[in-house]
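Participant: Generate a structure from the sequence data that follows.
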Amino acid sequence: MNDRINQLLAQMAALEADLKEAVHEQESRMFFQIKGKRVEFEGSIKAAHRKLKTNFFRWLVSNRPQNLITGPIIYSMIVPLMMLDLCVSFYQWSCFPIYRITKVRRSDYIVYDRAQLGYLNFIEKFHCFYCEYGNGLMGYMREILARTEAYFCPIKHAHKILGTHGHYNRFLDYGDAADYEARLEAYRVALGKLK
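Facilitator: I've put the predicted structure just below:
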């Protein structure tokens, strides 16, 4: 990888760190604190949230009909999602130690905290729970697959692709065969040192 790409990757990492800090500062201004897995709001914010909560019957009457009609289709996807979760977790649990790849922490991706928002009714909280699970699962699975790709085939594509994972930019250039085996081994060793 050339120096310009390394420099850009370092700048991206610095920007990501700045973004995390800015988000943390915004959280401080939103009058809540994170204590472990619990999110705690100031008393006045909690009271304001409770006043904004829409009761179930008003929500049901004011909800878009297409949302109610398609609900069974959306929620039927829970079965394949759970199967995917089980299979990918088993794969990681059984194979990553053999490959000496650091395991992906599921709790870093699947986070359930929207249920602590007092302005959501129980149906809205259920919707959030489903989306937190589904999107968190996709992120968790993506990182497992990204580490697998980095282990077996850390080579960029010849064609531009959208939505690459975080490891992709450090992959070997397409067609760059110089010292391939040695560089592949270096990728594999580095995967065991991930945090």
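
Participant: Now for the chain, the helix or strand with the poorest mean pLDDT.
Facilitator: In the chain, the helix or strand scored least confidently by mean pLDDT, DSSP states H and E is helix 56-62, which has a mean of 69.

Participant: Which stretches in this protein count as strands?
Facilitator: 32-35, 38-41 (DSSP state E).

Participant: For the helix ranked longest in the chain, which helices and strands make contact with it?
Facilitator: Assignment by DSSP state H gives helix 122-152 as the longest helix of the chain. Packing partners of helix 122-152 (3 or more C-beta pairs under 8 Å, 6 or more residues apart in numbering; DSSP states H and E): helix 56-62, helix 78-99, helix 180-191. Placement of C-beta: from N, CA and C, glycine included.

Participant: now with 6 Å?
Facilitator: For helix 122-152, the packing partners by 3 or more C-beta pairs under 6 Å, 6 or more residues apart in numbering; DSSP states H and E come out as helix 78-99, helix 180-191.

Participant: buried sites along the first one?
Facilitator: The neighbour-count criterion (16 or more other C-beta atoms under 10 Å) identifies 85, 88-89, 92, 96 as the buried residues of helix 78-99.

Participant: before we move on, back to that, how much does the longest helix of the chain deviate in direction from helix 180-191?
Facilitator: If you take axes from the mean of the first three to the mean of the last three C-alpha atoms, to 10 degrees, helix 122-152 sits at 140 degrees to helix 180-191.

Participant: Quick one: residues contacting the residue nearest the centre of the chain.
Facilitator: Nearest residue to the geometric centre of the chain (C-alpha atoms, centre = their mean): Gly139, 3.6 Å. By C-beta atoms under 6 Å, 6 or more residues apart in numbering, Gly139 lies in contact with Tyr109.

Participant: Against Ala115, how distant is it?
Facilitator: Gly139 sits 19 Å away from Ala115, going by C-beta to C-beta, to the nearest Å.

Participant: do the same with Glu132
Facilitator: 9 Å.

Participant: So for the two, which sits in the more crowded spot?
Facilitator: Glu132 (17 against 14; other C-beta atoms under 10 Å).

Participant: hang on, isn't that one packed against Tyr112?
Facilitator: Yes: contact criterion C-beta atoms under 6 Å: Glu132 and Tyr112 qualify, at 5.4 Å.

Participant: Got the phi and psi for Leu162?
Facilitator: With angles defined as degrees, to the nearest 10, Leu162 sits at phi -90, psi 150.

Participant: Kindly report the same for Ile110.
Facilitator: Per degrees, to the nearest 10, the backbone of Ile110 is at phi -100, psi 100.
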